[in-house]
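1. Sequence and predicted model, in that order:
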Amino acid sequence: MIGLWWMEHQPTGDEVNHLANMAGQASFLVPVLQRLFGNKEGAQWWLTHGHEAVYFVYWWAIPMAKLLFAMFIIDTWEYFLHRAMHMNTFLYKTFHSVHHRLYVPYAFGALYNHPLEGFVLDSVGAAIAELVSSMHTREAIFLFVISTLKTVDDHCGYRLPWDPLQFLTSNNADYHDIHHQIIGIKSNFAQPFFIHWDTLLGTRMTRQDIELRRRKVAEKTQ
């Protein structure tokens, strides 16, 4: 329902003047090149490669920057809300405990959660990312597809070496599987893309950390 409403309120492709937008970027790129190469060299480079530079910036560089920025926003939104749902007893028991009925995650259980949590954690976070990063419809659809596939992939239970969704980041099925175990339930909150917040705020747990804890426990019991 949210998706249908969202699509109905998006501007059509006819409302976007790509030529005018690229012309505006060209007027910005010229002085930048002149500063980098000098007036004469910059002008010569522009005459030879200017159209290629504008095309690349408009159709590839800016959309990729938007995508990475939107990923950062989603990761930030989900990390702090996800962590709050584990640290606050009421939030955990009322909402997030539904998802943690999956002690062993599997693909179809990726979005098995309380409806309100799903709306706030996933839908609202994605909508904020789209809005703040000023994405067009196609860019937003690509973001939503990738984030959904990544979430399903991270719950599938398999860390496959050739999986493009998993080898680009340490946040993979193995990383999130630790979070669903009792020993790691207060760790590895990051989802769905990168693990920088876990690393910076000390909530990252690896298989090596688990083995180290087990050794310490074994030594104490001997």
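-> Done, it's in.
2. Tell me how many other residues surround residue 21.
-> When neighbours are counted by other CB atoms under 10 Å, residue 21 registers 13. Every residue, glycine included, has its C-beta placed from N, CA and C.
3. go on, residue 172?
-> 21.
4. number of nearby residues for the residue lying closest to it once chain neighbours are set aside?
-> Closest residue to residue 172 apart from its sequence neighbours, by CB to CB, 6 or more residues apart in numbering: residue 166 at 3.9 Å. Neighbours of residue 166 under the rule other CB under 10 Å: 21.
5. Residue 166 in helix, strand or coil?
-> Classification of residue 166 using DSSP: H, G, I helix; E, B strand; the rest coil returns coil.
6. my guess is it contacts residue 159, does it?
-> Yes. The criterion here is CB atoms under 8 Å, and residue 166 meets it with residue 159 at 6.1 Å.
7. so where does the spatially most central residue of the chain fall, helix or strand?
-> Closest residue to the average C-alpha location of the chain: residue 71 at 3.2 Å, with CA atoms, centre = their mean. Taking DSSP states H and E as the criterion, residue 71 maps to helix 62-87.
8. same deal with residue 128?
-> helix 125-132.
9. packing partners for that helix?
-> helix 62-87, helix 137-154 (3 or more CB pairs under 8 Å, 6 or more residues apart in numbering; DSSP states H and E).
10. Check what contacts that helix and list those residues.
-> Residues from elsewhere that reach helix 125-132 (CB atoms under 8 Å, 6 or more residues apart in numbering): 6, 69-71, 73-74, 77-78, 81, 135, 140, 143-144, 147.
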